[in-house]
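*Asks:* Next comes the sequence, and after it the predicted model I'd like to discuss.
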Protein chains: 8
Amino acid sequence: MELTVYLAGQIHDNWRDEIKEKAKKESMPIDFVGPQENHARSDSIGEDILGEQPGKLYRDDAASSVNNFRTKLLLSKADAVIALFGEDYKQWNTAMDASLAIQASKPLILIRPASLIHPLKELSNQATITVETVEQALEVLAYVYE
Amino acid sequence: MELTVYLAGQIHDNWRDEIKEKAKKESMPIDFVGPQENHARSDSIGEDILGEQPGKLYRDDAASSVNNFRTKLLLSKADAVIALFGEDYKQWNTAMDASLAIQASKPLILIRPASLIHPLKELSNQATITVETVEQALEVLAYVYE
Amino acid sequence: MELTVYLAGQIHDNWRDEIKEKAKKESMPIDFVGPQENHARSDSIGEDILGEQPGKLYRDDAASSVNNFRTKLLLSKADAVIALFGEDYKQWNTAMDASLAIQASKPLILIRPASLIHPLKELSNQATITVETVEQALEVLAYVYE
Amino acid sequence: MELTVYLAGQIHDNWRDEIKEKAKKESMPIDFVGPQENHARSDSIGEDILGEQPGKLYRDDAASSVNNFRTKLLLSKADAVIALFGEDYKQWNTAMDASLAIQASKPLILIRPASLIHPLKELSNQATITVETVEQALEVLAYVYE
Amino acid sequence: MELTVYLAGQIHDNWRDEIKEKAKKESMPIDFVGPQENHARSDSIGEDILGEQPGKLYRDDAASSVNNFRTKLLLSKADAVIALFGEDYKQWNTAMDASLAIQASKPLILIRPASLIHPLKELSNQATITVETVEQALEVLAYVYE
Amino acid sequence: MELTVYLAGQIHDNWRDEIKEKAKKESMPIDFVGPQENHARSDSIGEDILGEQPGKLYRDDAASSVNNFRTKLLLSKADAVIALFGEDYKQWNTAMDASLAIQASKPLILIRPASLIHPLKELSNQATITVETVEQALEVLAYVYE
Amino acid sequence: MELTVYLAGQIHDNWRDEIKEKAKKESMPIDFVGPQENHARSDSIGEDILGEQPGKLYRDDAASSVNNFRTKLLLSKADAVIALFGEDYKQWNTAMDASLAIQASKPLILIRPASLIHPLKELSNQATITVETVEQALEVLAYVYE
Amino acid sequence: MELTVYLAGQIHDNWRDEIKEKAKKESMPIDFVGPQENHARSDSIGEDILGEQPGKLYRDDAASSVNNFRTKLLLSKADAVIALFGEDYKQWNTAMDASLAIQASKPLILIRPASLIHPLKELSNQATITVETVEQALEVLAYVYE
């Protein structure tokens, strides 16, 4: 059974590549999709397409329209969502993607370090399952194929 | 027209009272609901009801079950949602409530200071409207009654 | 049976008052709701609340956020929608409100003069019923109470 | 990832061909669908199938039944919608298709010239993103594949 | 608990009055709604409102638009539906109302004489319960209040 | 674009074969599905699987459970529905399938002879399009591929 | 805020009365609804209304149609569901009501003794919160009013 | 037509293999999916992935999170559900999966021995069809392909 899984979360390291490689190695027929991982491009995409905007607010709003178009489209195609929280950054994007998945009844794996147990407790409680590492998230996916 | 509005956001100051008083003063027939505002109670409610849990993770998970029961029930009764972000705390709870409202097609007012424009840009872009102050949020509600 | 009916359409004459008075005269227990009818206020409401914007595009976008908040809220409360098209203006707002009602499975009365039969044909074909006058729309509502 | 995109809007020039060619050139695996582009056929299709109708109203209503059958079917298959507004014509059809996409939670790209900013402001505000040219709409689609 | 129940079915005898009187006698707080029961009015309502139509097909289509507006509105307000089939007439209207209730997950009581068991078997099988008399349908409603 | 179309209606002549052949001849990539066309099998399928039932009511109910399983499954896979009414039989099955399609927002072509205009008027008014012949229904489908 | 809460579960003792009294004592404005609590009546209701059936299977099926009509109606009116499992009986009814609430996104409190932790683990994991006593369930409800 | 069918029910004998073999033998293009059939693995999967938990309750809750992730994902891909009840065990899992299918409008075949008619009566009454043997369930599936 071929699946599409959306990988929500920060774009500052290569955790998505790690998941993709491991899934490939274990021959899981999963198509992983996710946000734009080039941070600069993700921030400038609004002005890249629409031209210069009159200030930071408008530049950010334009960028987020394009990012939201991408996310909305890919989330609607996803059979499941993995949302990874790290210790840095606000990551409200990730919280939003995870919550949209919950409300849309998509199965959701939340990944977060033990240090974030308290602030993420309500979101974690609504996720289908919460784990601490990328490796564990992959084991959950692998379990579907057992 | 009587309305029910859910007030999502931090519970560390009295911003909800401010909204309620102003709405009352302007005779807007709105029933405001929201999360438990007693922080200690919100954190201990799981153990208060279920008894001691075997560690912080389980204590937090028990508390969030009760908090989520409350939020799920009140959000389902709400005609609109106001979500306030401040400069402190992770506030993933608030991001979750706002996103559940978006996905459920409930009109959403996001309140955030200018300093949070960038990290909140995708969520703000999906809100029905984003403002900077509690006062402005009330003006949006008042506009419905004009 | 008390009903709430949303009155979509232009805000340049008093057609809504006409409907309200007649419904009252015939003792129909209907709560009519609709957009802001003060045109200047409708155009300036974004800047009235958020302050000056950097140009017409942003001024219009800010105003429409507030107007859409109002419409989204009131449409969700409405049991039925009446959408009136006249011969002037683009009226894409009206087309949008009518179409949102269609997709949300709300019963929809379309009012349009004979001169607009051709450009409105696909929308008219999806409305629950199309009439030519405000008087006829009221007769449709009155029929529900017969 | 193969996608289906519905191209709503006027049928008086070849803007759809421009999009299709560019997407093909950039190897985007997108299946573009849309309304009948032969204007005369689109207007006569009701009578072509059902035979002569008793007047323009009935001729238009018959045609729009067939056109709506086509649109309803193709919109339901579409992963995203692009709606183009030009300076001529009423284009309520386009407004309807765009609004049906919004209410159905399909990601929507609105294309409109700067001259239409004001009359389209509420619809534009609800679109996922608004751009001014066909070229920009394609860049948004291309961003999904980056 | 106050309920609204839609009474679908033929309009050639006073079965609705029988139900209303019995429910009143047993003090069940139910608001019964249903189609226009004046048959001539039901057939002429299109022309009564829209004026003369060019033939029977168009006269019938106009009438059914108004009838469907009424049904769509009242069905959406109903907590349950009772659909009565008798031995005469085509009654496709009744089958339609019953099926709309099934698809909308509204509890449905089907009333039909034993002589119609075979032709109604698939519809009956999807109803929440099938009975043979108006009296029995009322007993089902009364059971909700026990 | 490959489509699945459900053919609802009587099973006493070969109208489905006529549609399938013509669609094939015109190279339309449509997978037509529909009810069991062997009438005796359709009536006995409950007892064929579950064994003898204690009377006609129970025999019919058992058969309709199996038929409804088939219809529910195939309707859920269908992109569009064609429902044909003829002059004989009660055909409440057909009315049910057509209405389920309407409520599920599936595009619906109704085929009925002119003699049935009056009794089918409300259902016809809710269909996406109503035609009189199988040939015309096919023209509507063909129009989607133009 | 007035709420309606459905009380699913066994009907062999007076646990519902206990909940109702306590809620009343604490002045919680909750309307509690639930299944028929007279066990004999619940089993005979099908034959009570429809007359004698040809065997136990048919008697049970008739009774369950009436019971399901009641449950479907009351569950649709409920803002939240409490499902109580005890140590005796199969209680598949209770599991069904709890699961229908989960799938319909209604907040759900599961009550079960510690002895049933293992067999109820998947259902418990999907409930909004699981407690062990009626008293604890009431505390959860009371928390909504704090 | 290729279908996906979810097989809910106990995992203590090889009834799923029986179904798969027969379907293969009759060349039915069905992809059967279902829960983890290795009982020990199903019970330990939470700790296998997340590490040791502080007691049986937490061990069970962890396992059920992973099992629910699998079920939620596979049920969402399924076109139909078969739920088998046997005479042993509580089987609330099976009741939950069957009920989730009912609420999600998925066609459902219930298999249960005659001895369970009474306790399963309400669930059976809501299933699309109830049979007594695996063989009969397969005949229902085969009927879809006739």
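*Replies:* On my side now, so go ahead. Numbers count the residues shown, from 1 in each chain, chains lettered A, B, ... in the order given.

*Asks:* Can you give me the pLDDT of the closest residue to residue A:59 other than its chain neighbours?
*Replies:* Counting by CB to CB, 6 or more residues apart in numbering or on different chains, residue A:53 is the residue found nearest to residue A:59 once chain neighbours are left out, at 4.4 Å. To be clear about C-beta, it is placed using only N, CA and C from the backbone, and glycine gets the same treatment. You'll see residue A:53 listed with a pLDDT of 97.

*Asks:* Dig out what residue A:7 forms beta bridges with.
*Replies:* residue A:82 (DSSP bridges).

*Asks:* thinking again about what came up before, where does the residue nearest to residue A:59 sit, in terms of helix or strand?
*Replies:* According to DSSP states H and E, residue A:53 maps onto no helix or strand at all.

*Asks:* mind checking how far it is from residue H:1?
*Replies:* 50 Å (CB to CB, to the nearest Å).

*Asks:* Of those two, which one has the most company?
*Replies:* Counted by other CB atoms under 10 Å in any protein chain shown, residue A:53 and residue H:1 do not tie: residue A:53 has more neighbours, with 18 against 14.

*Asks:* wouldn't the more buried one be in contact with residue A:43 here?
*Replies:* No. Applying CB atoms under 8 Å, one finds residue A:53 not in contact with residue A:43, separated by 12.0 Å.

*Asks:* Now do the buried residues in the longest helix anywhere in chain A.
*Replies:* The longest helix of chain A (DSSP state H) is helix A:56-77. Under the neighbour-count criterion of 16 or more other CB atoms under 10 Å in any protein chain shown, helix A:56-77 has A:57-76 buried.

*Asks:* what about the closest residue to residue A:96 other than its chain neighbours, is that helix, strand or coil?
*Replies:* Counting by CB to CB, 6+ apart, residue A:96 lies nearest to residue B:99, which is 4.5 Å off, once chain neighbours are set aside. Here residue B:99 takes the helix state, with states given by DSSP: H, G, I helix; E, B strand; the rest coil.

*Asks:* Near the closest residue to chain E within chain A, how many other residues are there?
*Replies:* Here chain A gets closest to chain E at one residue, residue A:105, 16.3 Å apart by CB to the nearest CB. Residues lying near residue A:105 (other CB under 10 Å) number 14.

*Asks:* Distance check, it against chain H.
*Replies:* 8 Å (CB to the nearest CB, to the nearest Å).

*Asks:* now residue A:35
*Replies:* Taken as CB to the nearest CB, the span from residue A:35 to chain H is 22 Å.

*Asks:* who's in contact with that residue?
*Replies:* Counting by CB atoms under 8 Å, 6 or more residues apart in numbering or on different chains, residue A:35 makes contact with A:8, A:11, A:42, A:67, A:70-71, A:93.

*Asks:* Now do the same for the residue nearest to residue A:96: its pLDDT.
*Replies:* For residue B:99, the predicted pLDDT is 98.

*Asks:* Pretty sure it sits against residue A:103.
*Replies:* Yes. If you go by CB under 8 Å, residue B:99 and residue A:103 touch, sitting 7.2 Å apart.

*Asks:* Of these two, give the one with the bigger neighbour count.
*Replies:* Comparing residue B:99 with residue A:103 by other CB under 10 Å, the one with more neighbours is residue B:99, at 26 against 18.

*Asks:* Enumerate the residues of chain A near chain C.
*Replies:* A:54-55, A:58 (CB under 8 Å from any CB of the partner chain).

*Asks:* Run through the strands of chain A in chain order.
*Replies:* Using DSSP state E, the strands of chain A run over A:3-9, A:30-33, A:80-84, A:108-111, A:129-131.

*Asks:* The last one and chain B, are they touching?
*Replies:* No. No part of strand A:129-131 sits near chain B under the criterion CB under 8 Å from any CB; the closest distance found is 8.9 Å.

*Asks:* from the middle of its chain, how far away would that strand be?
*Replies:* Here strand A:129-131 is found 14 Å from its chain centre; the criterion is CA atoms, centre = their mean, to the nearest Å.

*Asks:* who does that strand pair up with?
*Replies:* Going by DSSP bridges, the partners of strand A:129-131 are strand A:108-111 (parallel).

*Asks:* can you give me the offset of the strand it pairs with from its chain's centre?
*Replies:* 9 Å.

*Asks:* how many neighbours does the nearest residue to residue A:80 once chain neighbours are set aside have?
*Replies:* What sits nearest to residue A:80 in space, not counting adjacent residues and going by CB to CB, 6+ apart, is residue A:107, at 4.6 Å. Using other CB under 10 Å, residue A:107 has 26 neighbouring residues.

*Asks:* Number of residues surrounding residue A:11?
*Replies:* Neighbour tally, residue A:11, other CB under 10 Å: 18.

*Asks:* Quick one: mean pLDDT over stretch A:33-41.
*Replies:* The pLDDT scores in stretch A:33-41 average 97.

*Asks:* next one: stretch A:5-25
*Replies:* Rounded mean pLDDT across stretch A:5-25 is 95.

*Asks:* Between the two ends of that stretch, what distance do you get?
*Replies:* 17 Å (CA to CA, to the nearest Å).

*Asks:* Could you pull out the buried residues of that stretch?
*Replies:* A:5-11, A:15-16, A:19-20, A:22-23.

*Asks:* Ok, stretch A:76-91 next?
*Replies:* Result for stretch A:76-91 [16+ other CB under 10 Å]: buried residues A:76, A:78-86, A:90-91.

*Asks:* can stretch A:14-29 be found next to chain D?
*Replies:* No. No part of stretch A:14-29 sits near chain D under the criterion CB under 8 Å from any CB; the closest distance found is 13.6 Å.

*Asks:* Give me the contacts around that stretch.
*Replies:* Contact with stretch A:14-29 is made by A:1-3, A:7, A:9, A:30, A:32, A:34, A:37, A:82, A:84, A:134-135, A:137-138, A:141-142, A:145, as judged by CB under 8 Å, 6+ apart.

*Asks:* ok, now with 6 Å
*Replies:* Residues outside stretch A:14-29 that contact it (CB atoms under 6 Å, 6 or more residues apart in numbering or on different chains): A:2, A:7, A:30, A:32, A:34, A:134, A:138.

*Asks:* Among those, name the buried ones.
*Replies:* Looking at the contacts of stretch A:14-29 with 16+ other CB under 10 Å, the buried ones turn out to be A:7, A:30, A:32, A:34, A:134, A:138.

*Asks:* Now for those: which two are most distant?
*Replies:* The most widely separated members of the buried ones among the contacts of stretch A:14-29 are A:34 and A:138, with 15.0 Å between them, by CB to CB.

*Asks:* Could I get the buried ones among the contacts of stretch A:14-29 in CSV, plus columns for distance to residue B:114?
*Replies:* Conversion of the buried ones among the contacts of stretch A:14-29 to CSV gives the following (distance: CB to CB, whole Å):
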residue, distance to residue B:114
A:7, 31
A:30, 41
A:32, 36
A:34, 29
A:134, 35
A:138, 40
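
*Asks:* Which one of the residues you listed is nearest to residue C:125?
*Replies:* Using CB to CB, residue A:34 is the member of the buried ones among the contacts of stretch A:14-29 that lies nearest residue C:125, at 41.1 Å.

*Asks:* now the closest residue to that closest one other than its chain neighbours: how far from chain D?
*Replies:* Leaving out its chain neighbours, the residue that sits closest to residue A:34 by CB to CB, 6+ apart is residue A:7, at 3.9 Å. Distance of residue A:7 to chain D, given as CB to the nearest CB: 14 Å.

*Asks:* Then residue A:20?
*Replies:* Between residue A:20 and chain D the distance, using CB to the nearest CB, works out to 14 Å.

*Asks:* Surely residue A:101 and residue A:108 touch.
*Replies:* Yes. Contact criterion CB atoms under 6 Å: residue A:101 and residue A:108 qualify, at 4.7 Å.

*Asks:* which residues touch residue A:57?
*Replies:* Residue A:57 neighbours (CB under 6 Å, 6+ apart): residue B:117.
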